[in-house]
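J.: Dropping the sequence and predicted coords here.
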Amino acid sequence: MTVRAIFENGVFRPRGAVALPEHTEVDLEIERVKGRDSVNLSPVGMEAIYAILSERYDGGDPEVAAKHNEHQP
(Lines give C-alpha, C1' and ligand atoms only; values in the text may rest on other atoms or scores of the structure.)
Protein backbone atom coordinates (compact mmCIF):
# COMPACT_ATOMS: atom_id res chain seq x y z
CA MET A 1 0.00 0.00 0.00
CA THR A 2 1.32 3.45 -0.87
CA VAL A 3 0.07 6.46 1.07
CA ARG A 4 1.03 10.00 0.00
CA ALA A 5 1.53 12.17 3.08
CA ILE A 6 2.78 15.58 4.17
CA PHE A 7 5.19 15.88 7.09
CA GLU A 8 4.09 18.82 9.29
CA ASN A 9 4.89 19.64 12.89
CA GLY A 10 6.56 16.27 13.44
CA VAL A 11 3.59 14.25 12.14
CA PHE A 12 2.88 12.52 8.82
CA ARG A 13 -0.55 13.65 7.60
CA PRO A 14 -2.06 11.48 4.81
CA ARG A 15 -3.27 13.42 1.75
CA GLY A 16 -6.27 11.13 1.43
CA ALA A 17 -8.20 8.34 3.11
CA VAL A 18 -6.20 5.37 4.38
CA ALA A 19 -7.85 1.93 4.45
CA LEU A 20 -6.60 0.85 7.89
CA PRO A 21 -8.38 0.37 11.20
CA GLU A 22 -7.70 3.01 13.84
CA HIS A 23 -4.60 2.44 16.02
CA THR A 24 -3.00 0.08 13.48
CA GLU A 25 0.78 0.07 13.91
CA VAL A 26 2.72 0.26 10.64
CA ASP A 27 6.32 0.48 9.43
CA LEU A 28 6.96 3.37 7.04
CA GLU A 29 9.59 3.55 4.33
CA ILE A 30 10.06 7.19 3.35
CA GLU A 31 10.61 8.19 -0.27
CA ARG A 32 10.76 11.90 -0.95
CA VAL A 33 8.48 13.09 -3.77
CA LYS A 34 10.63 14.55 -6.52
CA GLY A 35 10.01 18.12 -7.67
CA ARG A 36 8.34 19.36 -4.52
CA ASP A 37 11.41 21.36 -3.41
CA SER A 38 11.58 23.16 -6.75
CA VAL A 39 8.23 24.93 -6.21
CA ASN A 40 8.74 28.45 -4.89
CA LEU A 41 5.53 29.70 -3.28
CA SER A 42 7.12 32.82 -1.82
CA PRO A 43 5.67 36.15 -3.02
CA VAL A 44 8.53 36.47 -5.52
CA GLY A 45 7.96 32.92 -6.77
CA MET A 46 4.23 33.53 -7.10
CA GLU A 47 4.90 36.71 -9.09
CA ALA A 48 6.93 34.62 -11.53
CA ILE A 49 4.11 32.07 -11.81
CA TYR A 50 1.52 34.80 -12.47
CA ALA A 51 3.81 36.42 -15.04
CA ILE A 52 4.03 33.14 -16.95
CA LEU A 53 0.28 32.61 -16.73
CA SER A 54 -0.51 36.15 -17.90
CA GLU A 55 1.80 35.75 -20.91
CA ARG A 56 -0.14 32.68 -21.95
CA TYR A 57 -3.45 34.41 -21.33
CA ASP A 58 -2.57 37.77 -22.90
CA GLY A 59 -0.58 36.42 -25.83
CA GLY A 60 -2.45 33.18 -26.42
CA ASP A 61 -4.86 32.19 -29.15
CA PRO A 62 -7.98 34.36 -28.71
CA GLU A 63 -10.10 31.56 -30.18
CA VAL A 64 -9.18 28.93 -27.58
CA ALA A 65 -12.59 29.09 -25.88
CA ALA A 66 -14.38 28.83 -29.23
CA LYS A 67 -12.30 25.73 -30.08
CA HIS A 68 -13.01 24.05 -26.74
CA ASN A 69 -15.20 21.25 -28.13
CA GLU A 70 -13.28 20.55 -31.35
CA HIS A 71 -11.75 17.36 -29.94
CA GLN A 72 -15.19 15.89 -29.21
CA PRO A 73 -16.50 13.22 -31.63
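T.: Thanks, I have it. Values in this document were obtained by computation on a predicted structure and should not be read as measured data.
J.: Residue 45: how many residues sit nearby?
T.: For residue 45, the count of nearby residues is 11 (other CB atoms under 10 Å). Yep, even glycine has a C-beta here, placed from its N, CA and C like the rest.
J.: just checking, what packs against the helix or strand containing it?
T.: Residue 45 belongs to helix 43-59 when elements are defined using DSSP states H and E. Under the contact definition 3 or more CB pairs under 8 Å, 6 or more residues apart in numbering; DSSP states H and E, helix 43-59 sits against no other helix or strand.
J.: Look at residue 7 and give its secondary structure.
T.: Put simply, residue 7 is strand when judged by DSSP: H, G, I helix; E, B strand; the rest coil.
J.: what is the rounded mean pLDDT of the helix holding residue 45?
T.: Confidence for helix 43-59, expressed as mean pLDDT, is 74.
J.: next one: stretch 23-38
T.: 81.
J.: Flag every buried residue along it.
T.: Under the neighbour-count criterion of 16 or more other CB atoms under 10 Å, stretch 23-38 has nothing buried.
J.: which outside residues touch it?
T.: By CB atoms under 8 Å, 6 or more residues apart in numbering, the residues outside stretch 23-38 that reach it are 4, 12, 20.
J.: Now, those residues that are in strands?
T.: residue 12 (DSSP state E).
J.: which of the contacts of stretch 23-38 count as buried?
T.: The buried subset of these - by 16+ other CB under 10 Å - is empty.
J.: Output the contacts of stretch 23-38 as TSV; include the columns distance to residue 47 and pLDDT.
T.: Shown next, in TSV, are the contacts of stretch 23-38 (distance: CB to CB, whole Å; pLDDT from 0 to 100):
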residue	distance to residue 47	pLDDT
4	29	89
12	32	91
20	42	93
